[in-house]
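> curious how this folds, go ahead:
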Amino acid sequence: IPAGKMLMPKKNRVAIYEALFKDGVLVAEKKLVMEKHPETDVPNLHVVKAMMSLKSRGYVKEQFAWRHYYWYLTNEGIQYLRDFLHLPPEIVPSTLKRQVRAEPTRPRRDGPPRPQGASDRQDYRRGGPGTDKKADSGAGATAPGDIQFRGGFGRGKPASSDE
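The predicted model follows:
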């Protein structure tokens, strides 16, 4: 046995490849002594090593974050797994299947039509009838003489005690 090679039962390799092909992605924790991988019924070490083999041949792309490996099938990997698992071309991973939407994305409003002259958005921007937005907030909200500065808050020189 050459150094760096690992013997693995074929049923384990087939189970890993089937799980990968079914979803198009596979996740494994970087815990090589785990008894079983959660998605497949094989040791986690076998999953990691099989995916490393696929990665070295360019059949999967690997991401690693927070002690978890994330593998994504490439187009070459899909073709390789089809040949290995003897699958017809009609079967594709679930990541390549189109999502079927049953409903429109925005529900329609049921109710009376809006009047053409008035617009809620324009009324909001204007502040509604009888309001003066400039006097209520902003730079002119207080008269210049009404501003008070008290010492002891924030940075700067403390207030003098002779006031």
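
> least trustworthy helix or strand in the protein by mean pLDDT?
Of all the helices and strands that make up the chain, helix 133-136 has the lowest average by mean pLDDT, DSSP states H and E, namely a mean of 54.

> near Y72, how many other residues are there?
When neighbours are counted by other CB atoms under 10 Å, Y72 registers 16. Where C-beta positions appear, they are placed from N, C-alpha and C, glycine not excepted.

> which residues touch it?
24-25, 60-61, 63, 95 (CB atoms under 8 Å, 6 or more residues apart in numbering).

> the same query, at a cut-off of 7 Å, please.
24-25, 60-61 (CB atoms under 7 Å, 6 or more residues apart in numbering).

> top of those residues by neighbour count?
Neighbour-wise, those (other CB under 10 Å) top out at V60, 26 neighbours.

> show me the contacts for that one.
Per CB under 7 Å, 6+ apart, neighbours of V60: 51, 54, 71-74, 77.

> next one, pLDDT for Q99 please.
pLDDT for Q99: 68.

> and what of D23?
86.

> check A28 too.
So A28 comes in at 89 (pLDDT).

> mind listing what's buried along the helix or strand harbouring it?
A28 belongs to strand 25-29 when elements are defined using DSSP states H and E. Neighbour-count burial for strand 25-29 flags 25-26, 28 (criterion: 16 or more other CB atoms under 10 Å).

> can you show me the CA trace of it as PDB?
Output of strand 25-29 as PDB, limited to C-alpha atoms (Å, rounded to 0.1, in the frame of the first residue of the first chain):
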ATOM      1  CA  VAL A  25     -23.200  19.500  -1.700                       C
ATOM      2  CA  LEU A  26     -21.900  17.700   1.400                       C
ATOM      3  CA  VAL A  27     -20.900  19.000   4.800                       C
ATOM      4  CA  ALA A  28     -18.600  17.300   7.300                       C
ATOM      5  CA  GLU A  29     -17.300  18.400  10.600                       C
END
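
> can you give me the helices for this protein?
Assigned by DSSP state H, the helices in the chain fall at 10-23, 44-56, 75-85, 120-126, 133-136.

> point out the most buried one among those helices.
Among the helices of the chain, ranked by average contacts under mean count of other CB atoms under 10 Å, first place goes to helix 44-56 (a mean of 19).
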